[in-house]
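> Take this sequence and fold it.
(one chain, ligands or ions: 2)
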Amino acid sequence: MAEIQLKSLAHSYSDKPGGPEDYAIRQLDHVWHEGGAYALLGPSGCGKSTMLNIISGLVQPSEGEVLFDGKRVNELSPRDRNIAQVFQFPVVYDSMTVFDNLAFPLKNNKIPKSRIKARVQEIAEVLEIEDKLYKKAKNLTADEKQKVSMGRGLVREDVSAILFDEPLTVIDPQLKWKLRRKLKQIHEQFDITMVYVTHDQLEASTFADKIAVMYGGQIVQFGTPTELFEQPNHTFVGYFIGSPGMNLVEVERSAAGVRFRSTQVDLAPWQVELLKRLTSKNIKIGIRPEFIQLSPTASDDTYEAEILDMEDLGTYKIITVQLDQQEMKVRMNEEFEGAIGSRTNLSFPQQWLKLYVDEFLVQEPQ
Ligand code: ADP
Ligand code: MG
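Residues are numbered from 1 along each chain as shown. Ligands and ions are numbered 1, 2, ... in the order given. Sure, this is the predicted structure:
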């Protein structure tokens, strides 16, 4: 096991990169601590696979360093880095039995036969493929093949880390849930550093203790699921995490805060103060649908809005409201009553009203 540090890392697939848009990874520093269960979450094309391949050594970064326990490994081959990597699609030897497939990484490392047998049996049990051990891999279903592929990643006990690159893509939804729980269990049992790549927030938060959200070749936030929800560090995190995502409204500076069209939104004094010191005109406010309050009665700190739509999702409702031509989503419990086309009164609790300048959160000074 190892701590994996990425130092001033950047990567371009182009030989002569021009601007930042030519980089799959844009200048990042990050540490994956030893023994952690991590997810790397982001949309397709944001650089997740590139990052994993740089860690495992399949890709040489164009700039920066990869350190394992403080030692530079840029020059080490994938084999010498001792990383197990599981890919989106199964990598198995069709002509070998499941047992031999699982034993392969251990035989390569000259592990004694009796130990190999015990370890293969243990992993096969965890993945529930022990009855398939003596079948040829070519006779397995796609699900089973992927389990074998994962098993090959999990079987070695000496690895620095296991990297999973969207490993459950080919698995059917029922089994997906089960395997994700299994991976978590395996992490708890063996305490190995694991990095799990996915574009699915639910998958990320059920597996990981901490999630790195990646966007446009950068890690825009590294935090617990709660931190990503309550304190999104970047508008992308606000938008990508949560269902629906954060309401984000483009605004301009005003005396006591910000405004959009004729709507004045007061901010906390520290937010006003910090906003004065920044020059950018790219300003947004953000508030999650869970934190907007709706009330039938108006008061000093409410805004009158219209209910445009209501979606009943069984245990809660998503209300679409319009305030000064600006649509927002509000999450209410199922008891909420209101009629489409009627008026309601919104309020934004100050604690949950976030300010973003150049897409990054303006943080309260400690
Ligand atoms: P993700 O895994 O998050 O979907 P990738 O790391 O695969 O993202 O890709 C990041 C960016 O790098 C994308 O713009 C992609 O098109 C580009 N890219 C990935 N692999 C290669 C490659 N071998 N050659 C050139 N460009 C690539
Ligand atoms: Mg990928």
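
> tell me which element H30 is part of?
Following DSSP states H and E, one finds H30 within strand 25-32.

> what's that strand packed up against?
Applying 3 or more Cβ pairs under 8 Å, 6 or more residues apart in numbering; DSSP states H and E, we find strand 25-32 packed against strand 4-11, helix 48-56, strand 218-223. C-beta: built from backbone N, CA, C; applies to glycine.

> could you redo the last one with a cut-off of 10 Å?
Other elements packing on strand 25-32 under the criterion 3 or more Cβ pairs under 10 Å, 6 or more residues apart in numbering; DSSP states H and E are strand 4-11, strand 37-41, helix 48-56, strand 63-68, strand 210-215, strand 218-223.

> List the buried residues in the fourth one.
Residues of strand 63-68 classed as buried: 64, 66-68 (neighbour count, 16 or more other Cβ atoms under 10 Å).

> between those residues, which is nearest D309?
Compare each of the buried residues of strand 63-68 with D309 using Cβ to Cβ and the shortest gap goes to G64, at 47.5 Å.

> Which residue, other than its chain neighbours, is closest to the closest one?
L9 (3.7 Å; Cβ to Cβ, 6 or more residues apart in numbering).

> quick one: that neighbour and V31 touch, right?
No. L9 lies out of contact with V31 (Cβ atoms under 10 Å); the separation is 11.5 Å.

> Show me how the record splits the protein into domains.
Domain assignment for the chain by automatic domain parsing gives 4-236, 246-361.

> Can you check the distance spanned by the longest one, start to finish?
Read that as domain 4-236. Domain 4-236 stretches 25 Å from its first residue to its last (Cα to Cα, to the nearest Å).

> State whether D131 is indeed within a helix.
Yes. Counting by DSSP: H, G, I helix; E, B strand; the rest coil, D131 is located in a helix.

> count of residues packed around the residue in the stretch 251-366 of the chain that ligand 1 sits nearest to?
Nearest to ligand 1 in the stretch 251-366 of the chain, going by Cβ to the nearest ligand atom, is E359, at a distance of 19.0 Å. The number of residues packed near E359 is 17, by other Cβ atoms under 10 Å.

> before we move on, what about S77?
So S77, with other Cβ under 10 Å, has 9 neighbours.

> show me the contacts for it.
Counting by Cβ atoms under 10 Å, 6 or more residues apart in numbering, S77 makes contact with 57-58.

> now I123
By Cβ under 10 Å, 6+ apart, I123 lies in contact with 102, 129-130, 147-148, 150-156, 186.

> In a strand, it, correct?
No. According to three-state DSSP, I123 belongs to no strand; its state is helix.

> Can you read off the pLDDT for it?
For I123, the pLDDT comes out at 92.

> ok, back up a step: for F360, see how far away the closest residue to the residue of the stretch 251-366 of the chain closest to ligand 1 other than its chain neighbours is.
Closest residue to E359 apart from its sequence neighbours, by Cβ to Cβ, 6+ apart: T235 at 4.7 Å. According to Cβ to Cβ, to the nearest Å, T235 and F360 sit 8 Å apart.

> Please enumerate the shared neighbours of these two.
Common neighbours of T235 and F360, using Cβ under 10 Å, 6+ apart, are 220, 282.

> These two: who's more crowded?
Ranked by neighbour count (other Cβ under 10 Å), T235 and F360 place T235 first, with 22 against 16.

> Which residues of the protein lie near ligand 1?
Residues of the chain lying near ligand 1 by Cβ under 6 Å from any ligand atom: 13, 24, 42, 44-50.

> what's the most distant pair in those?
Maximum distance among those (Cβ to Cβ): 17.5 Å, for Y13 and G42.

> Counting neighbours, go ahead and name the busier of these two.
Under the criterion of other Cβ under 10 Å, the comparison of Y13 against G42 puts G42 first, with 26 against 11.

> Can you verify my assumption that that one contacts T50?
No. Taking contacts as Cβ under 10 Å, G42 lies outside contact range of T50: 11.2 Å.

> what do those two both touch?
Listed as contacting both G42 and T50 by Cβ under 10 Å, 6+ apart are 214, 217.

> Which of L9 and V31 has more residues huddled nearby?
More neighbours surround L9 than the other of L9 and V31, with 21 against 13 (other Cβ under 10 Å).

> who are the neighbours in contact with that one?
Counted by Cβ under 10 Å, 6+ apart, L9 has contacts 25-30, 51, 54-55, 61-66.

> if you set the cut-off to 8 Å instead, what comes out?
Residues counted as contacts of L9 (Cβ atoms under 8 Å, 6 or more residues apart in numbering) are 25, 27-30, 54, 61, 63-66.

> Now tell me which of those the prediction trusts least.
Within these, Q27 has the lowest pLDDT, namely 93.

> what bridges to the closest residue to it other than its chain neighbours?
Excluding the flanking residues, the one nearest Q27 by Cβ to Cβ, 6+ apart is A10, at 4.9 Å. Taking DSSP bridges as the rule, A10 bridges to E63.

> related to what we said a few turns ago, go through the domains of the chain and pick out the most buried.
Highest mean neighbour count among the domains of the chain (mean count of other Cβ atoms under 10 Å): domain 4-236, with a mean of 18.

> Now for the protein, the helix or strand with the poorest mean pLDDT.
Lowest on mean pLDDT, DSSP states H and E among the helices and strands of the chain sits helix 173-190, with a mean of 85.

> Contacts for that one, please.
Against helix 173-190 from outside (Cβ under 8 Å, 6+ apart): 37, 126-127, 143, 147, 150, 154, 157, 164, 168, 171, 192, 194, 196, 203, 206-207.

> Now do the helix or strand that comes right after that helix against strand 37-41: the angle between them, please.
Using DSSP H and E, the next helix or strand after helix 173-190 towards the C-terminus is strand 194-198. Put simply, strand 194-198 runs at 30 degrees to strand 37-41, going by axes from the mean of the first three to the mean of the last three Cα atoms, to 10 degrees.
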